[in-house]
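Generate coordinates for the sequence data below:
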Amino acid sequence: MLCDRVRMDAYYNSIFKNKHHFEGKVVLDVGTGSGILAIWSAQAGARKVYAVEATKMAEHAAELVKSNELQHVVEVIEGTMEDITLPEKVDVIISEWMGNFLLRESMLDSVLCARDRWLKPNGVMYPSHAPMWLAPIKSTLIDQKMNDFEGSMDDWYCFIDDTKNYYGVDMSALTKPFTHEQKKYYLQTSIWNNMERGSSDIKQSSGKLLPQVRDKFFIE
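Have a look, this model is predicted:
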């Protein structure tokens, strides 16, 4: 996040243009990382900020808080939201939990846990809403990933034959879990790719817009 000017500006402006949500309030920063959001919350006037971080990054966050002379406001806690206990309910929950395809970093569960356990009934969340837009795309990466999966399975079947012929051990019992693992690795992981917008392939029929999808899409 620190290297992403768009995200930095978005959070900075959200906090400092809405100081009334932070002044004199108790704030919980879920997954504080470097501690930047906790520091901004304190600078915006928060009475107390609990900055929770599950990794050893908490040590660096605490050092950064101290170097900005905010240790009297910001308390860095190393642990997970599911395990830690706070001494009070909070007025604000702030977190930078978004990843690729919004949910990729898998932090949303921790944010929801924090909300259900610690947010006051009239509390606010930053961010509070996240719209998603979906559209079919055409990309050679899809075919490439399918080819990689099929190549991996071909190698597996050759391995089974060789192991049985040369070493007398039948490994075919592991085909099902191996296939599941390879599908997850090759076909069920997100892809980041820059796409150019092309002409839509939509036809008018009986007053309705019907998309004509000509390429294969593998959705598991």
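
what packs against the lengthiest helix in the chain?
In terms of residue count, the longest helix belonging to the chain (DSSP state H) is helix 140-167. Here helix 140-167 touches helix 175-187, going by 3 or more Cβ pairs under 8 Å, 6 or more residues apart in numbering; DSSP states H and E. (C-beta placed from N, C-alpha, C; glycine too.)

Give the buried residues for stretch 110-128.
Buried residues in stretch 110-128, defined by neighbour count with 16 or more other Cβ atoms under 10 Å: 110-111, 114-115, 118-119, 123-126.

Ignore what I typed, I meant stretch 34-41.
34-41.

Same question for stretch 42-50: list its buried residues.
Buried, per 16+ other Cβ under 10 Å, within stretch 42-50: 42-46, 48-50.

so Lys89 touches Lys120, yeah?
Yes. In this structure, Lys89 is within contact of Lys120 by Cβ atoms under 8 Å, at 4.8 Å.

Would you map out the domains in this protein?
5-126, 140-211 (automatic domain parsing).

okay, those domains in CSV with mean pLDDT next?
Converted to CSV, the domains of the chain look like this (pLDDT from 0 to 100):
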stretch, mean pLDDT
domain 5-126, 94
domain 140-211, 81
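
Let me have those in JSON lines, extended by distance to Met132.
Output for the domains of the chain, formatted as JSON lines (distance: least, Cβ to Cβ, whole Å):
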{"stretch": "domain 5-126", "distance to Met132": "6"}
{"stretch": "domain 140-211", "distance to Met132": "13"}
